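>>> Sequence first, predicted model second:
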Number of protein chains: 2
Amino acid sequence: MTVTIRDVAREAGVSVATVSRVFNDKGPVREETRIRIRQAAERLRYHPHGGARSLTTRRAGMLGVVLPDLYGEFFSEVIRGIDQRARRHGYHLLVSSSHDDRAEIEAVLRSMRGRVDGLIVMSPDIDAQTLRVNLPETLPVVLLNCLVAGTGLDSIGIDNFRGAHGMVTHLFEHGHRRIALIGGPVANHDARERLEGYRAALREAGADRSEELEVTGDFTVRSGYHAALQLVRLPSPPTAIFAANDSMAIGAFGGLRKAGKAVPEDIAVAGFDDIPSGRYMNPPLTTVHVSIHELGMRACERLVGGVLAGERDHAPGEVVPTRIVVRRSCGCPENGNEGL
Amino acid sequence: MTVTIRDVAREAGVSVATVSRVFNDKGPVREETRIRIRQAAERLRYHPHGGARSLTTRRAGMLGVVLPDLYGEFFSEVIRGIDQRARRHGYHLLVSSSHDDRAEIEAVLRSMRGRVDGLIVMSPDIDAQTLRVNLPETLPVVLLNCLVAGTGLDSIGIDNFRGAHGMVTHLFEHGHRRIALIGGPVANHDARERLEGYRAALREAGADRSEELEVTGDFTVRSGYHAALQLVRLPSPPTAIFAANDSMAIGAFGGLRKAGKAVPEDIAVAGFDDIPSGRYMNPPLTTVHVSIHELGMRACERLVGGVLAGERDHAPGEVVPTRIVVRRSCGCPENGNEGL
DNA sequence: TTGTAGGCGTTATCAG
DNA sequence: CTGATAACGCCTACAA
C-alpha cells in the first residue's frame, strides 16, 4: 500500500540500512549512492513514516498539551506561546481539550501515552492524583495553573494573588472605598487566588468588606454583564468593580451601559489577564497584565528542560509575575503609554 | 524501561495475545483471566503504547491541522470547531503553525506523515503543488481558505465575495457614496476575494471608485489604525469604511477616535469575520458574520467523511455562506437582536 | 478460550 | 562504505 523504506531500497538496489542512513544524515554513504537513493525515493514519492521511526528511536518529537477547552483568547495565546517554543526545540504539538470531564481527560491522557515525549496539562479542576494514575511515571509533566498540593509534579502558574491584591490596592489608593468583585468559578484555582488577593487587599486597606460586594461569575462575558447589573442595583452600589478576568470586565461594560452608568465617571472597572481586545474597548480596559504568551513559553521551556536534562530539581511551582496596566476604565491617570 | 504488554503477560501468567484482547475488547477472554490481567496491568501501571498500536492497525487516530499562525481569534475558533468534531469521531488533533515559510511548511508536512490519518491545511499563500509533492498520495487532505486552482484537492472556504459585496451594497443603500476599503494582504486569498466583492458592488451600484479609497492593510489592528488615519486625511474623505477584517476595523476605530471623528456619526465602519470582541466594542461593530467555528467543523466533517468513506466524489470547493450583521458602527438601524 | 509467530516501518548494532 | 538482522511495542491470523 504505502511505499516503505524497503521499496526504496529495492528500487535503488541497496539495503534498507543505507536508505535509512541517507534519510538521517547518519553514517557514511558514498555520494553516488546517496544520489541514487534520493532519486529512487523521489520517483516512488517515499516519505519516512514518523510513527515507525519514533518507535525505534523512542522519541516522538511531540509534546502533548491538554487544555480544559479551546475557547477564547487565553487558550489561543497559551498554545501560541507553547508552540513557538516547541518548534524551536524541534517538537510538534498534540493538543487536546478535555472539557474538564474526568472520564474524558483520562481517555486523553491514555491516548497520549506513546505519542508524546512530554505533557503540559492545564486542568484547573482535576486533582493531581488522577494525573499520576493515568500517566506512566517516566513521562515528564508540567502543570499549568493548577493546584500543586504536595504532588511531585512540576508546575507553573500566574501570580494571581499579587495581581489581584495590587489592582485592588490601586483602586483604593485612588479613592475608592466600595470596591466590588466579580469573581470566577469557585472551583477554579486562579479564581480562588484572585479572590484571596482581593480580600486581603481590602482587609489591609481597611475598605468596605461585605458579602454583597462579592458576586460570582463564570469567566464569560455574559456573566460579567449580569453581575454588573446586580451590583448597580445594590442599595449602596460600589464605586469600582474589579472583575476576575477581562471577559467579565467587558461584560460589565455592557451591563453598566445598559444601566445608564458611565465608565469610569460613575463606576470604575478593572479586569485581569490583559487580553488583546481589552485595549481596544472604549474606554480601554485597566487590567492586570499577564503575559499569557510567556506563560506558555515558560511552561514549554520547563518541560523541554526537564525532558532533555532529566532534571528533577527544579524548584517546583514557578510563578510568572503580573503587572498592573492602567488605562481609562478605572478613571485614574494613566501611567504609561499603553495606547496603540 | 517502559512497561510493555509483555511484562503484563508475564505478570499475569498469560500470553501477550490475551492481554491485547483484553485491552481491545476483542475476541473471547474468560472473565477470570480478564480480571487477572487488568490487575496485573494496574499493578505494573501499564498503558498501551499508542504509537506502536497505530503501526500495526494502520490507524493513527490523529488528524493534522496546519495553520499559518496560531494568533488571534480566528485560529482559535477554527481549531475549536475542528477539535469539537474530531473528538466526536474519536480523533485527536496534531496542530502546527507553519508561519507561511515554505521550507518550514514542508518540514511540517513531512513530519505529519505516518502520524495522522488526514490533514486540514490552511495556508493562504502556499501553492497546492507544494502540498502534493510533500504528501503521500494516500493521505486525505482538506484545504481551508486556499486557492484550489485545478488541484484535485478537496477544499472549503468562506464566501468572501458575496460577503463583501453584500456589505458594500448595504452601505450604499443607506446613503453612502464614498465607501473606502481597508484591504488585506494582496497575496492572501480571502483578501483578494473580498477586494473583488467590494469593487463589484461599487461598480454595480455606481458609487465612487478611486484608487485613493483603497488602502492596503495586513489584517492587524495596527494596520487598520494607520489606514483609517490615512483615509480621513484625504481631500475628499470617505463617509464609510469597509475593513476586510474585524481586527482592522477595530484599529480603524482607534484611528478615527484619534482623528477626532465619531463613529458612526462622522464615518461609518464595517468589518468582516464577526470575531467575538466586535460586539463588545463601543459602538458595536457592524460586520460580515462568518461562522468560523462552523468552518472548522465542516472542514473536519469533510475530512472524516472522506477518510472513512474513501469517497472521491465530493463536490470540491464547498463554500460556507456569510451573513451581514448590522450593529451600531455603520449608523444604520439595527435589524436584529445582536446584543448581549 | 488461549498461545505462537509473523509483520507494521524504522533504526541500530555488527560484521563484512 | 554497505548489508544482515535484531529490536521497538503491539496486533492478528492461525493453530492448539
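Good, I have the coordinates.
>>> Now for residue A:186, how many residues are close by?
Residues lying near residue A:186 (other C-beta atoms under 10 Å in any protein chain shown) number 10. Every residue, glycine included, has its C-beta placed from N, CA and C.
>>> before we move on, which element is residue A:81 in?
Secondary structure from DSSP states H and E places residue A:81 in helix A:72-88.
>>> Quick check: buried residues in that helix?
Residues A:72-87 are the ones in helix A:72-88 that count as buried (16 or more other C-beta atoms under 10 Å in any protein chain shown).
>>> List just the nearest of these to DNA strand C.
Distance to DNA strand C across those (C-beta to the nearest atom of the strand) is lowest for residue A:87, with 19.8 Å.
>>> The lowest-mean-pLDDT helix or strand in chain A near DNA strand D at all?
One helix or strand of chain A scores below all others by mean pLDDT, DSSP states H and E: helix A:128-134, with a mean of 73. No. Helix A:128-134 lies apart from DNA strand D when judged by C-beta under 7 Å from any atom of the strand; the minimum separation is 14.5 Å.
>>> burial of the nearest residue to residue A:81 once chain neighbours are set aside, as a residue count?
Spatial nearest neighbour of residue A:81, chain neighbours left out: residue A:296 (2.4 Å); criterion: C-beta to C-beta, 6 or more residues apart in numbering or on different chains. Around residue A:296 there are 26 other residues, counting by other C-beta under 10 Å.
>>> which ones are touching residue A:296?
Residue A:296 sits next to A:77-85 when contact means C-beta atoms under 8 Å, 6 or more residues apart in numbering or on different chains.
>>> Do you know the pLDDT at it?
Residue A:296 is assigned a predicted lDDT (pLDDT) of 94.
>>> and it, that's in a helix?
Yes. Checked against DSSP: H, G, I helix; E, B strand; the rest coil, residue A:296 lies within a helix.
>>> Enumerate the residues of chain A near DNA strand C.
Chain A comes close to DNA strand C at residues A:1-2, A:4-6, A:16-17, A:20, A:23-24, A:26-27, A:46-49, A:52-53, A:55-57, as judged by C-beta under 7 Å from any atom of the strand.
>>> I'd like to know which of these are buried.
Buried by 16+ other C-beta under 10 Å: A:4-5, A:20, A:23, A:46-49, A:52-53, A:55, out of these.
>>> Just the mean pLDDT for the helix or strand where residue A:256 lies, thanks.
Using DSSP H and E, residue A:256 falls within helix A:246-258. The pLDDT scores in helix A:246-258 average 94.
>>> packing partners for it?
In this structure, helix A:246-258 packs against strand A:179-183, helix A:221-232, strand A:240-243, strand A:268-273, with contacts taken as 3 or more C-beta pairs under 8 Å, 6 or more residues apart in numbering or on different chains; DSSP states H and E.
>>> and that helix with helix A:72-88, angle?
Orientation of helix A:246-258 against helix A:72-88 (axes from the mean of the first three to the mean of the last three C-alpha atoms, to 10 degrees) gives an angle of 160 degrees.
>>> Check what contacts helix A:246-258 and list those residues.
With contacts defined as C-beta under 8 Å, 6+ apart, helix A:246-258 is touched by A:72, A:182, A:184, A:217, A:219-229, A:232, A:241, A:243, A:262-263, A:266-267, A:269-275, A:277-278, A:281, A:285, A:287, A:329, B:277, B:280, B:282, B:340.
>>> What does the pLDDT read for the nearest residue to residue A:177 once chain neighbours are set aside?
Counting by C-beta to C-beta, 6+ apart, residue A:177 lies nearest to residue A:207, which is 5.4 Å off, once chain neighbours are set aside. Residue A:207 is assigned a pLDDT of 83 by the prediction.
>>> how close does residue A:207 get to residue A:175?
Distance from residue A:207 to residue A:175, counting by C-beta to C-beta, to the nearest Å: 11 Å.
>>> between these two, who's got more neighbours?
residue A:207 (18 against 11).
>>> those strands in chain A, which residues are they?
All strands of chain A, identified by DSSP state E, fall at A:62-67, A:92-97, A:118-121, A:141-144, A:154-158, A:179-183, A:214-216, A:240-243, A:268-273, A:286-289, A:318-320, A:323-325.
>>> What residues does the stretch 1-150 of chain A have near DNA strand D?
Near DNA strand D, when you scan the stretch 1-150 of chain A using C-beta under 7 Å from any atom of the strand, you find A:13-18, A:21, A:27-30, A:32-34, A:52, A:55-56, A:58, A:114.
>>> and those, which of them are in helices?
Among these, the members found in helices (DSSP state H) are A:16-18, A:21, A:32-34, A:52, A:55-56.
>>> thinking again about what came up before, so how far is DNA strand D from the residue nearest to residue A:177?
Distance, residue A:207 to DNA strand D, using C-beta to the nearest atom of the strand, to the nearest Å: 58 Å.
>>> before we move on, back to that, filter the contacts of helix A:246-258 to the buried ones?
With burial judged by 16+ other C-beta under 10 Å, the buried subset of the contacts of helix A:246-258 is A:72, A:182, A:184, A:217, A:219-221, A:223-229, A:232, A:241, A:243, A:263, A:267, A:269-275, A:277-278, A:281, A:285, A:287, A:329, B:277, B:280, B:282, B:340.
>>> Stretch A:112-124 near chain B at all?
Yes. Residues of stretch A:112-124 contacting chain B under C-beta under 8 Å from any C-beta of the partner chain: A:112-115.
>>> Which of those has the largest number of neighbours?
Tallying neighbours with other C-beta under 10 Å puts residue A:112 at the head of these, with 27 neighbours.
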